[in-house]
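# Quick check, what structure comes out for this input:
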Amino acid sequence: MILYHGSFAEISRPDLLHSRPNVDFGKGFYTTPIYEQAVKWCGKFKRRGKNGIISHYTFDESAYKDLKVLVFEDYSEAWLDFILACRSGKDSTNYDIVVGGVANDKVFNTVELYYDNLIDKNEAIRRLRYEKPNLQICFRTDVSLNKYLRFERSEQI
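Predicted coordinates for the structure are as follows:
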C-alpha cells in the first residue's frame, strides 16, 4: 500500500521524537492512503509561507497481522472515546498502529461540543455518522516505523 505524509519538509526517516502528543491517535507518525488528504495537510504549512512537501512510502501490510493494531471502520462511540483520551493525554494503550477517521474541522467541532458537555454522546455519534471519514494511519512505535514503512520519494506541491 502507498501512504503519504504532508509536511513542510521531506521526511525520509520518520521518527517519534518529532511527534506531537495529545493529537487524534496520540503521539505517532501520521500518514494517509489518500493523496488529496496529504495535500490538505500541506496547506497549513503553505499558508505560513513554508514549503508543501508530500513524502511517499510503501507500507508492508503484514504489520496488520504481526503488530498490535487498532482499526476504526467508521466514526463510532469507540472512536470518539479514543480520540478524547488521546487528545487529553489519558491514552494508556500500547497499539503499534492506529487506523481510522481524521478529526477534521467539521468533525472536530462535534468532538469539541461533546467534550464541552454541550451535546451528549448519542448526539455526537449521530452527527458523526453523517461525515465521510478520511483515513489516517498512525505509526506509534519504532518497530512499526522501521520495519513496515519504507520511504520512496517526495515531491513539492
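
# helices or strands next to the helix-or-strand element of the chain with minimal mean pLDDT in the packing?
Ranking every helix and strand in the chain by mean pLDDT, DSSP states H and E puts helix 105-115 at the bottom, with a mean of 79. Packing partners of helix 105-115 (3 or more CB pairs under 8 Å, 6 or more residues apart in numbering; DSSP states H and E): helix 77-87, helix 121-128. Bear in mind the C-beta positions are built from the backbone N, C-alpha and C, glycine included.

# Kindly compare burial across the ones you listed and name the winner.
Ranked by mean neighbour count, those are led by helix 77-87 with a mean of 18 (mean count of other CB atoms under 10 Å).

# tell me the mean pLDDT over stretch 45-55?
For stretch 45-55, the mean pLDDT works out to 92.

# Please determine how far Trp154 is located from Tyr57.
Not Trp; residue 154 is Ser. 10 Å (CB to CB, to the nearest Å).

# Hmm, I typed the wrong one, I wanted Gln136.
On the measure of CB to CB, Gln136 and Tyr57 end up 13 Å apart.

# Find residues that contact each of those two.
By CB atoms under 8 Å, 6 or more residues apart in numbering, Gln136 and Tyr57 have these common neighbours: Thr31.

# Show me what the residue nearest the centre of the chain bridges to in the sheet.
Central residue of the chain (CA atoms, centre = their mean): Gln136, 3.9 Å from the mean position. Beta-bridge pairing for Gln136 (DSSP bridges): Gly100.
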